[in-house]
Each structure stands twice: as structure tokens, then as C-alpha cells.
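# Could you work out the structure for the sequence below:
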Amino acid sequence: MNRFNTTLTRRSLAPLTLAALAAPAFARDDTPQPLALESGFPQMPTGGTGVTPCGSANPPTVIPSFGRIAPEREPGEPIEVSGVVYRPDRRTPAAGVTLFAYHTDARGDYNHPNSPFKPRLYGWVRTDAQGRYGFSTIKPGPYPAHDTPRHIHVSVFGPELPEYWLDDYWFAGDPLITAAERAKLTGRGGGGETLRMMRESDGVLRGRRDIVLEHVAVSGNCRVLRA
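Model prediction:
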């Protein structure tokens, strides 16, 4: 029943949740978008054939370790994802690492008109002193063509960590996770990208993904704005 799937209790998480409400780090329908660009977010290469939005271009000033992506009234099945980010040794928790995540709505659309360059559901969380992070949202829908598994995009960055993308979050049991899709995985993030969701007594599906940082992270050429 705890947000981080560790020994952290819901009561001890209350300040984080309140902080997210007081100074939301996640874009909502009723709040201004962090970037007023017609093309959406600045883009960085994924290392494959595509590009992905740069979360480090203009993140909020205050970022909680547990936040919300989809607004509470967003149609869809509520989920929570949590985990620990580790340094390359796979043992030492990495504090102060920011995760930028975005995904489609329950219908499989990023926005209207549909464009991954201007996702409507996106946000940031930053690991706490124990490397923990978490976010609540809704389970994204597959693309309208049903040619790609349901997924949540994620990249990571920090003060001495240039932003780079990780393998998407997938969901166990998705029939669209085929051998061909698995062949596209890079291992970035340390594996464990397929979430095994468990429904708890409050009806929310919860899953865990721990993340391992790369020994050497190559910048994706994001335009980072510094104060």
C-alpha cells in the first residue's frame, strides 16, 4: 500500500504529496505549459531512428520525489509507479536525479492533434536522498494503430548528468509486447522495463521499476536552461 514499494509509509509521504500540490511539478490541463513553443519541447535524438522531448529544457523549480502526471479527473485506469535509481555499481542510491516522463492518454493520443512533440500528459520527479522516486498517473492507451505496446517514455538528467533516454516502461501481459518489440530494447536503465502491476485494496494498480544509471552518459543535445 506504500507509494515507493519499500518501507516508506503513506504517512511519511504526506509532505511530498502536499509539496506537489502546493508547487506542482507536473503539468495539468489548468496550468500553463512549461514551454510556449509551437513545435512543443526541444527534441533530442534517441540514438535510434527517432527523437524525444527534452525534459531538461525548462523543468520546474520545485520537483518532488513523488508526483502526478495525469490530473485526478483524467479518464483512464489509475496507476502508481515507484522505484529506486542506482548509480552504475547497481548498489549505491543516486540522489537528486530528475526523471522526465510522458505518455499517451487512455485513447492512445498524445494530444489533439496527436503529436509526441507536444505531449499533454507529462511531468518530472526527482529522487530523494535514498534514490527513491514515484508518480501517479493513468495507464496509457496503445497507439491507434495498435502497433506498439502501451508505454511511458522516460529520460533522466542531473547536475552532472546530461539528459538521456531510457527504455520505455511497458506493462506485463500486453499482447503487443512481441519478439520484434523486445529486439528494440537497449538495456538503458538496467532492464526491468516491463512493469508487473498489482491491484491493491484501494483499487489502484501499482508497479515498481528500479533504474541503473549508465557509466558514461552522452548528452542528447538538449538545450538546458540554467538560472
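# C-terminal to the longest strand belonging to the chain, what's the next element?
As assigned by DSSP state E, the longest strand anywhere in the chain is strand 78-86. Of the helices and strands lying after strand 78-86 in sequence (DSSP states H and E), the nearest is strand 98-103.
# Show the subsequent helix or strand relative to that next one.
strand 121-126.
# the strands in the protein, which residues?
Assigned by DSSP E, the strands in the chain fall at 43-45, 51-53, 66-68, 78-86, 98-103, 121-126, 132-138, 152-158, 161-165, 170-171, 194-195, 198-199, 205-208, 211-212.
# Same list, the ones you listed, but as TSV with mean pLDDT, distance to E181 and mean neighbour count please.
Using the backbone N, CA and C atoms, a C-beta is placed for each residue, glycine as well. Putting those into TSV (pLDDT from 0 to 100; distance: least, Cβ to Cβ, whole Å; neighbours: other Cβ atoms under 10 Å) gives the following:
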stretch	mean pLDDT	distance to E181	mean neighbour count
strand 43-45	76	20	18
strand 51-53	80	17	22
strand 66-68	96	28	23
strand 78-86	98	20	22
strand 98-103	96	16	24
strand 121-126	96	22	25
strand 132-138	97	22	25
strand 152-158	94	15	23
strand 161-165	88	16	21
strand 170-171	98	8	21
strand 194-195	97	11	21
strand 198-199	96	23	11
strand 205-208	98	18	19
strand 211-212	97	20	22
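# List the neighbours of the longest strand of the chain that are in contact with it.
3-6, 66, 92-94, 97, 99, 127, 130-139, 152, 156, 169, 190, 195, 197, 203-213 (Cβ atoms under 8 Å, 6 or more residues apart in numbering).
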